[in-house]
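# Quick one, what's the 3D model for this:
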Amino acid sequence: MNTLNLSPLFRTAIGFDRLARMADTAASADVSYPPYNIEKTGEDAYRLTMAVAGFEPEEIGLVTQDNTLVITGRPSGDAPKPEVLYRGIAGRAFERRFVLADHIVVEGADLKNGLLHVGLKRIVPEALKPRRITIGAAQPSVIANDSEQAASQAA
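Below you'll find the predicted structure:
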């Protein structure tokens, strides 16, 4: 048995629908076409390279939504089709989904020599970055209670 059934867990868990969707997508995905590489190109930079031989830039779509990158390929039927004696290069339509971690944005995409290169970068907002607190040598100020403040103001 190669399948893992997580449905009992998700019946009693609330708010984990994204995790359930990711598990379902990973279990049902065709991981063979088109082939791709994911490379780490820097501290917070990545590159997704996908082999899309035979596709023109206008036949490929890239969409990001809800931390998901969806890459689709739809070959146009405009070109004349020669008689093929052996087909080793697939030219079929595809849809490939990638789950992006929080704060990962797509910087751009380029199609060159049959390879689609998608640049990705992690951009963490300033509010979520760790910040260093300096420790001063001065004594912390003491806030007087309301009755002491009123007496000092009356004098």
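# how is the protein carved up into domains?
1-30, 33-126 (automatic domain parsing).
# So which residues of the protein form strands?
Residue ranges of the strands in the chain, as given by DSSP state E, are 36-40, 45-51, 60-65, 68-73, 94-99, 104-112, 115-122.
# Out of those strands, the one nearest Pro8 is which?
Go through the strands of the chain one by one with Cβ to Cβ and the one that ends up closest to Pro8 is strand 94-99, at 22.8 Å. (C-beta placed from N, C-alpha, C; glycine too.)
# partners of that closest one, with directions?
Neighbouring strands of strand 94-99 in its sheet, by DSSP bridges, are strand 68-73 (antiparallel).
# Any chance you could list what contacts the strand it pairs with?
Residues outside strand 68-73 that contact it (Cβ atoms under 8 Å, 6 or more residues apart in numbering): 34, 48, 50, 52, 55, 59-64, 93-100, 106, 116, 118, 120.
# ok and it relative to strand 36-40, angle-wise?
140 degrees (axes from the mean of the first three to the mean of the last three Cα atoms, to 10 degrees).
# Hey, what's the angle from strand 68-73 to strand 115-122? Just curious.
Going by the same axes, to 10 degrees, strand 68-73 is angled at 170 degrees with respect to strand 115-122.
# could I have strand 68-73 exported to CSV, CA atoms only?
Written as CSV, here are the backbone C-alpha positions of strand 68-73 (Å, rounded to 0.1, in the frame of the first residue of the first chain):
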residue,chain,number,x,y,z
THR,A,68,0.6,28.6,-5.7
LEU,A,69,2.5,29.0,-9.0
VAL,A,70,0.6,27.5,-11.9
ILE,A,71,2.4,27.0,-15.2
THR,A,72,0.3,25.9,-18.2
GLY,A,73,1.2,25.0,-21.7
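# Make 27 the starting number, not 1.
Okay, residue one is now 27; in that scheme the one you just asked about reads as strand 94-99.
# which parts of that strand are buried?
Buried positions in strand 94-99, judged by neighbour count with 16 or more other Cβ atoms under 10 Å: Leu95, Ile97, Gly99.
# Run through the chain and note the low-pLDDT ranges.
Low-confidence segments of the chain, defined by pLDDT under 70, are located at 27-30, 32-33, 35-57, 105, 164-181.
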